[in-house]
Structure formats: structure tokens, C-alpha cells
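Using only what follows, build the 3D model:
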Amino acid sequence: VQLVESGGGSVQAGESLRLSCVASGFAGSNLYMAWFRQAPGKERDGVAAIPNGGGVAIYADSVKGRFTVARDNASNTLYLQMSNLRPEDTAIYYCAAEGYGFADRTYRSWGQGTQVTVS
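From the prediction side, this is the model:
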């Protein structure tokens, strides 16, 4: 599976961004697709994850109520709608596929990352 993210950028606090991740070579599974992020000097953390077969998405506590994850199965695209962004959301955001929840070591495929900067 190849993953290509887009939609990152620089915004002011309180503004919104939408990230997209297009998956190719995806055979489909009952595993998750997810967004992770890594800020400078910090570990990579799970942000949001959604099971491929439908079901309830999960979110990090820090983004609940502000971020929404969704997927379009027809186009194999994963989205992350980010609202009311805060400076602490600044990080490189990665799309991941074929894993479990926020267990990053279980994910088989990763995108190249897209930078989000909030000032």
C-alpha cells in the first residue's frame, strides 16, 4: 500500500485545515487507517484512527471535539478535518494503514508526512 498525504500548511490559531491521504494498492482489510503526528523532540503519537470495515473512530484526548477523521472507501482516501487549531498541534502528520488503533508499530504502511504549523 502506498500512501500520499496532502493538505498541510501554516495557519493561525483557531483556523482549520483538512488533511487527505490517498491509498493505492489497497486490498482492503478489517484493520485501521490512522493519523499520527510527531512534534520536534517528541515521540510519534496517535491522533485519530478509523476501522476499515466501519465502526467507531477513536481520537486522542487532546483533539477530541476539534478533529474529525473520515474515509471515502470509493476513492480509498482518508481525511482529517482539523478545527480550532492550537500551537500545540504543530507537528508532522503521518497517515498510516493496516494496523490497530494507536499501536504505531502494528501499521504496515506509512505516508511521507505533511507539516502542519499553527502560530
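
how about the spatially most central residue of the chain, what does it touch?
Centrality entry for the chain: nearest residue to the mean C-alpha point is Trp35, 2.1 Å, by Cα atoms, centre = their mean. Going by Cβ atoms under 8 Å, 6 or more residues apart in numbering, Trp35 touches 19, 21, 46-49, 69, 78, 80, 93-96. C-beta: built from backbone N, CA, C; applies to glycine.

which one of these sits closest to Ala103?
The nearest member of these to Ala103, counting by Cβ to Cβ, is Gly46 at 8.2 Å.

so where's the chain shaky on pLDDT?
Residue ranges of the chain with pLDDT under 70: 26-30.

mind listing the strands in it by residue range?
Taking DSSP state E as the test, the strands found in the chain are 2-6, 9-11, 17-24, 32-38, 45-51, 58-59, 67-72, 77-82, 91-99, 109-110, 114-118.

could you list every residue that touches Ser10?
117-119.

circling back: so what's the residue nearest to the centre of the chain bridging to?
Judged by DSSP bridges, the bridge partners of Trp35 are Ala48, Cys95.

buried set for stretch 70-89?
Burial within stretch 70-89, assessed by neighbour count using 16 or more other Cβ atoms under 10 Å, is assigned to 71, 76-80, 82, 85, 89.

likewise stretch 10-23?
The neighbour-count check on stretch 10-23 (16+ other Cβ under 10 Å) flags 11, 17, 19-23 as buried.

Return the closest of these with respect to Gly101.
Ranked by distance to Gly101 (Cβ to Cβ), these are led by Cys21 at 16.9 Å.

Bridged to the closest one, which residues?
Counting by DSSP bridges, Cys21 forms beta bridges with Glu5, Leu78.

So it sits against Gly113, correct?
No - judged on Cβ atoms under 8 Å, Cys21 makes no contact with Gly113 at a distance of 10.5 Å.

anything in contact with each of these two?
Glu5.

Turn the contacts of Ser10 into CSV, including neighbour count and distance to Ser62.
Shown next, in CSV, are these (neighbours: other Cβ atoms under 10 Å; distance: Cβ to Cβ, whole Å):
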residue, neighbour count, distance to Ser62
Thr117, 15, 17
Val118, 19, 13
Ser119, 9, 18
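
From the residues you listed, pick the one nearest Gly53.
Using Cβ to Cβ, the shortest approach to Gly53 within these belongs to Val118, at 33.0 Å.
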